[in-house]
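Undergrad: Using only what follows, build the 3D model:
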Amino acid sequence: MAKPIRLCLDDKGCNIQLVDAAGGTDTCGPLEPRTVSWVSRHNRIEKNSIAGPMGTGISSAGQMTTIIGNTIAGPLRDPATGAGIRLIGKNGIETTLVLGNSVSKVEVALNLLQNIQNLPATSFGAEIGFNDFTDYNTAVLVNGIAPAPYNLPSELSVSGLGNFWGTGCGVGLSASTVKNSDGTLNSFVTDSHPFNVPVARISRALLPSGCPPAPGLDQ
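TA: Below is the predicted model of the structure:
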């Protein structure tokens, strides 16, 4: 007997112990193959201390995830594949809040991975601000939709306040540390208002002013 109303993934879902008749041989009925993506929503990753060696400190592909107040200190087990914080695909890059985290002693501080499970990010909507990124070789590593490089304009300042990159106002997020996966430079990721002092553990009410934007950048 078919039970299409069950919306089973396979026939076992139509023969559940203590629910259906013992020894049942019911089926789900005609199956309609679909691509399924299991996405978490509204996760909050807060005030964790994550010490290396590690693969990646915090990685998120969920919808509306908040990553706040965490301390991540390397080293990475595999510098070629790991990162301090990684945002993945449509939900990771379009909807995540990354605020007030400290990331240090990692090869890659922040990784933006544009596509996963055929759910590509089509715009940058994440809010990434008030974080301290220090002791890295690559500040931001971006992965596009092969064969194209990452091409989403991505401003890492939130309401005119950015992040501390271990540098002064004259450098901020150095263009030489924003890279594609093949090692070439990527110009789509910017932080127009970086800080010149660590800010992750400073109360929002006491935050210093961010650095003024470099000439040629939008205010």
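
Undergrad: what residues go with each domain of the protein?
TA: 1-34, 44-203 (automatic domain parsing).

Undergrad: what about the chain, any weak spots by pLDDT?
TA: In the predicted model, the chain carries pLDDT under 70 at residues 1-7, 24, 29-31, 36-37, 212-219.

Undergrad: With respect to burial, which of the domains of the chain scores highest?
TA: Compared across those, domain 44-203 shows the largest average neighbour count, a mean of 19 (mean count of other CB atoms under 10 Å). Backbone N, C-alpha and C define where each C-beta goes, glycine included.

Undergrad: Distance across that one, terminal residue to terminal residue?
TA: Domain 44-203 stretches 19 Å from its first residue to its last (CA to CA, to the nearest Å).

Undergrad: Helices of the protein, start to end?
TA: 89-95 (DSSP state H).

Undergrad: Can you tell me which residue is spatially central in it?
TA: Centrality entry for the chain: nearest residue to the mean C-alpha point is Leu87, 1.5 Å, by CA atoms, centre = their mean.

Undergrad: Pairing-wise in the sheet, spell out the partners of it.
TA: Ser60, Leu112 (DSSP bridges).

Undergrad: From Val199, how far off is it?
TA: 20 Å (CB to CB, to the nearest Å).

Undergrad: contacting residues around the residue nearest to the centre of the chain?
TA: Ser59, Ser60, Ala61, Ile93, Thr96, Val98, Leu110, Asn111, Leu112, Leu113, Ala126 (CB atoms under 8 Å, 6 or more residues apart in numbering).

Undergrad: right, and the second one touches Glu94 too?
TA: No - Ser60 is beyond contact range of Glu94, at 11.7 Å (criterion: CB atoms under 8 Å).

Undergrad: Tell me who's in contact with the closest residue to Phe130 other than its chain neighbours.
TA: If the residues on either side of it in the chain are set aside, Phe130 comes closest to Gly100, at 4.8 Å by CB to CB, 6 or more residues apart in numbering. By CB under 8 Å, 6+ apart, the residues touching Gly100 are Ile68, Gly69, Phe130, Asn131, Val199, Ala200, Arg201.
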